[in-house]
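A.B. asks: Sharing a sequence plus its predicted fold:
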Amino acid sequence: MEVVPNIRREAPNILVTGTPGVGKSTLCQKLSELTGLQWLEISKIAKDNNCLEEFDEVYQCPVLDEDKLLDGLEEVMRTGGNIVDYHSNEFFPERWFDVVFVLRVDNTTLYDRLTARGYTGKKLKDNVDCEIFQTVLDEAKNSYKPEIVHELRSLTPEQLQDNLNQICLWLHQWMADNQNLS
Ligand SMILES: Nc1ncnc2c1ncn2[C@@H]1O[C@H](COP(=O)(O)OP(=O)(O)O)[C@@H](O)[C@H]1O
């Protein structure tokens, strides 16, 4: 069994997840600017740190070396104060996160956003199906305590602002609840 010392974090770790195109990067970038928390864009980190294995020709994307990635992130996650942005979530250690936000859009919006990004064929269809079948939401609910998993609509600029407000309120509450505990 894995033994990891339980060090109290001075700031929380937030996971932002959802199907590609739902608006994770847009939200995380603004959230990072507003809060000073560190935005960890997992796809970029994996690429920069050679955590990508072979290329999946069917899905037209590289396959992640999960163990290498997780080992590399352990220290920064233990310290806390991170916003992790990734389209999958079940392979992260559950203990890393204080809250999980799953962004959601309708299938027409996602279709338009992914088409604009240049997705076509199977890659486009599979990602739209993923959103229709709420695959990422179910994955999050199965991987984390249900009470820390929150679904957020991410269709409009107004919803983006509402989501930022909601997460900032959550963050202030977390800081108030955890300030005098260490
Ligand atoms: N709340 C929103 N309202 C309108 N457009 C949005 C919203 N969030 C993201 N977008 C747009 O959707 C597209 C995909 O967003 P992005 O943040 O790259 O998604 P992801 O990181 O989940 O792949 C971008 O063109 C972005 O400008």
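C.D. replies: That came through fine. Numbers count the residues shown, from 1 in each chain.
A.B. asks: Next, the closest residue in space to residue 114 that isn't next to it in sequence: secondary structure please.
C.D. replies: Among residues not flanking residue 114 along the chain, residue 21 sits closest, at 4.7 Å (CB to CB, 6 or more residues apart in numbering). In short, each C-beta sits where N, CA and C put it, glycine included. The local conformation at residue 21, judged by DSSP: H, G, I helix; E, B strand; the rest coil, is coil.
A.B. asks: Could you do residue 89 as well?
C.D. replies: Under three-state DSSP, residue 89 falls in the coil class.
A.B. asks: ok, so what distance separates the residue nearest to it when sequence neighbours are not counted from residue 105?
C.D. replies: Nearest non-adjacent residue to residue 89, counting by CB to CB, 6+ apart: residue 17, 4.5 Å away. Distance, residue 17 to residue 105, using CB to CB, to the nearest Å: 13 Å.
A.B. asks: Just want to know which of the two has more residues nearby.
C.D. replies: residue 17 (27 against 21; other CB atoms under 10 Å).
A.B. asks: pLDDT wise, what is the more buried one at?
C.D. replies: You'll see residue 17 listed with a pLDDT of 98.
A.B. asks: which ones are touching residue 20?
C.D. replies: Applying CB atoms under 8 Å, 6 or more residues apart in numbering, one finds that residue 20 lies in contact with 87, 114, 119, 127.
A.B. asks: how far away is the closest residue to residue 142 other than its chain neighbours from residue 166?
C.D. replies: Once flanking residues are discounted, residue 142 sits nearest to residue 90: 7.0 Å by CB to CB, 6+ apart. Counting by CB to CB, the gap from residue 90 to residue 166 is 24 Å.
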